[in-house]
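Q: Got a predicted model here, sequence first, then my questions.
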Amino acid sequence: MIDDHRSISRVVSLFRRISAVVFGLGGLVFLLIGIVQLSNQAWGGVTGTVQTCTVATTEATPKSRARNVHTCVVAWDAGGQERTHTLELPAHLAAPGCPVDLRVKGDRAALAMPLGKAAIPAVIGLALVVFATVQFVRARRAKTFRGGVTVIGSR
């Protein structure tokens, strides 16, 4: 009976450690994306104009439908010099001549968005990293009682 408890606790501990690594890495990716989006929103704001667009259709999978990706060249004026950058735009902005609010830094540009929307990936990433940390700590803190039996879920 004691050996059964030990093997179960080892499996649970291993599962917690693996889930901590998976959720932690996923959280770091989301956190990085969120930080990049938030830092882009700190760039200077300008209004650009859509020059040309191409539409590519993604393949449908059993779990998702096909979608159109609009890749557009956007131009803006930077101190009397016209600059251009290629961006993926939502369908309602992907028409030549359409004005687009941008955040620009040098030759780079990003679509302007509300700070709350830009922060969503960072918040999700932070939550996943915290969850992963808790899982890792719980996997290491399993308490041992009489006979060396690890009690699952104890503190």
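A: That came through fine.

Q: what about Gln135, which helix or strand?
A: Using DSSP states H and E, Gln135 sits within helix 115-140.

Q: what comes up buried for that helix?
A: 118-119, 121-122, 124-126, 128-129, 131-132, 135-136, 138-139 (16 or more other C-beta atoms under 10 Å). Backbone N, C-alpha and C define where each C-beta goes, glycine included.

Q: Could you look up the SS state of the residue nearest the centre of the chain?
A: In the chain, the centroid-proximal residue (C-alpha atoms, centre = their mean) is Phe30; its distance is 2.9 Å. Judged by DSSP: H, G, I helix; E, B strand; the rest coil, the three-state class of Phe30 is helix.

Q: Flag every buried residue along the longest strand along the chain.
A: Identified as the longest strand of the chain according to DSSP state E is strand 44-57. Within strand 44-57, the residues scored as buried using 16+ other C-beta under 10 Å are 46, 48-50, 53.
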